[in-house]
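Trainee: okay, structure incoming, though there's no sequence with it:
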C-alpha cells in the first residue's frame, strides 16, 4: 500500500479511513476466510449473513436482518447524513465449487469499506448503508431488495468483484434463465409408435430452431442451454424432457426481443409434435450494468493511489452478468473488478476457488474496501458530485423491473 501525504481535507480523511482499515484488517480477513471455508448457496446464506451482521453490529452499526422478506438479506447503517452511500455485500457461493467467483472477497471488501467510513460518517454528512445482498449467482437478491425498497434512499451504490485483474467501467450482459419442459405421451417405439407423442423430438426441434435463428441474433446475444432429461430407454418414446436455458443480450430491451424469439422456438417444438410446453422463469431477469462515469473516475483515482494497476474500460465492453446491473439502472453505481493472481484459471472454475484466501486475495479485500471508502469520501466532499447525487435521488422515478413492469 502506498503512502499518502496529507495536504488537503480529502487527504487527511483518507489517512483516517486507512487507519481504521489497518486496525480492523485482521477482522475483515478472518471474515473473508470464514466465508470461503463455509460456502452457502443462493438464499441459504444464513451463517454468512450472521457472520457479517455480528461483526458490523459489534462495530456500532444499526442492523436490520431479514429485510425485504429475505431471511439472508440485511441492512446495516452508520451515520445520519442526507447522502446515503450504499455498499453491496455479496456472500453466496456456487454449487459444488464454493466461492469460485470470489464472493468471500467481495463481501469482506464491502465490510471493509463500511467499517472505514463509519467513524467519519457524521463529519462527512453521509449515511453509510451496508446492504447484504444474497443470491447473486442464482435468483438475484439485489432485484428482490430493489423491489422491496431497500435502495429507495440510496444516492450512490458500489461494490467490488473479485477477478484475475483490476478494471473499472465495463458493462455486462442482461440475462434471463428458464426451465423448459415438454410433456408428451410414452409408447413402445417399435410396437405402437403412432400412439406416442415424442417430447424429445419437441426439444430437438426447438434446438434446431434456435440454431437457425443464431444468424439473425444481434451481435453479443448469447443463448446457451443443457438438456437435463431426455428419456429413459431407447425403445420407449419419451413422455418428458427438460432443459435449462439462458438468454443474454447487450441491453434489457434487446433481451426482451431475444426472449420473444427464443420462446417462439420452444413453442415450435410443441406445435410440431403435439407435446405440451412448460416454460418457467428462474429467478429475476438481470439488467445490463451501466457504471456511473463520475463515480468510476473517483474509484480509478483512489485505486491507483493505493498502487493498484487498474484499467479503465470502454463501457461498450461487456462481460458476464450481474444483478448489480438492475441496481445501476436505478441508482448511480459502480462495480469495479479487484484482481489477484489466480494462475491460468478464470472465475466460475473450480481452480479459482483455491486462490480466494491467498495473500493477494487478502490484499484485494483491504485495497478494494479502502478504494471504495476513498471513493465515497470524494463523492461526499466534492460539491458537484454531492449535489448531483442528491438531485438525482430527489427526482428519481420509482423502481421498475428490467422487464419494464
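Mentor: Thanks, I have the structure now. Since this is a predicted model, take the numbers as computed values, not measurements.
Trainee: for the lengthiest helix in the chain, name the packing helices and strands.
Mentor: Counting residues, the longest helix found in the chain (DSSP state H) is helix 9-37. The contact analysis (3 or more Cβ pairs under 8 Å, 6 or more residues apart in numbering; DSSP states H and E) places helix 9-37 against helix 46-58, helix 103-117, helix 359-381. C-beta here means a position set from N, CA and C on the backbone, and glycine is covered the same way.
Trainee: the shortest one versus helix 103-117: what angle between them?
Mentor: An angle of 10 degrees separates the directions of helix 46-58 and helix 103-117 when computed by axes from the mean of the first three to the mean of the last three Cα atoms, to 10 degrees.
Trainee: buried set for helix 46-58?
Mentor: Counting neighbours by 16 or more other Cβ atoms under 10 Å, one finds that the buried residues in helix 46-58 are 48-49, 51-53, 55-56.
Trainee: can you check the last one too?
Mentor: Buried residues in helix 359-381, counted by 16+ other Cβ under 10 Å: 361-381.
Trainee: got it, and stretch 177-185?
Mentor: Buried-residue list, stretch 177-185, by 16+ other Cβ under 10 Å: 177-178, 180-184.
Trainee: same check, this time on stretch 80-98
Mentor: For stretch 80-98, the neighbour count (16+ other Cβ under 10 Å) marks 81, 83-94, 98 as buried.
Trainee: narrow those to those in strands?
Mentor: In strands, defined here by DSSP state E, the members of the buried residues of stretch 80-98 are 83-89.
Trainee: got the domain boundaries for the protein?
Mentor: Following automatic domain parsing, one gets these domains for the chain: 9-172+287-394, 174-281.
Trainee: return the most buried member of those domains.
Mentor: Most buried of those, by mean neighbour count (mean count of other Cβ atoms under 10 Å): domain 9-172+287-394, with a mean of 21.
Trainee: now do that domain: distance to the chain's middle.
Mentor: Taking the mean C-alpha point of domain 9-172+287-394 and that of its whole chain, the gap between them comes to 10 Å (Cα atoms, centre = their mean, to the nearest Å).
Trainee: host element of residue 244?
Mentor: Assessed by DSSP states H and E, residue 244 sits inside strand 240-249.
Trainee: please apply the same query to residue 231.
Mentor: Short version, using DSSP H and E: residue 231 is in no helix or strand.
Trainee: give me the distance between it and residue 245.
Mentor: 19 Å (Cβ to Cβ, to the nearest Å).
Trainee: next: residue 360.
Mentor: To residue 245, residue 360 is 36 Å away according to Cβ to Cβ.
Trainee: so who does the closest residue to residue 350 other than its chain neighbours touch?
Mentor: Of all residues not flanking residue 350 in the chain, residue 97 sits nearest, at 4.5 Å (Cβ to Cβ, 6 or more residues apart in numbering). Residues counted as contacts of residue 97 (Cβ atoms under 8 Å, 6 or more residues apart in numbering) are 348-350, 353.
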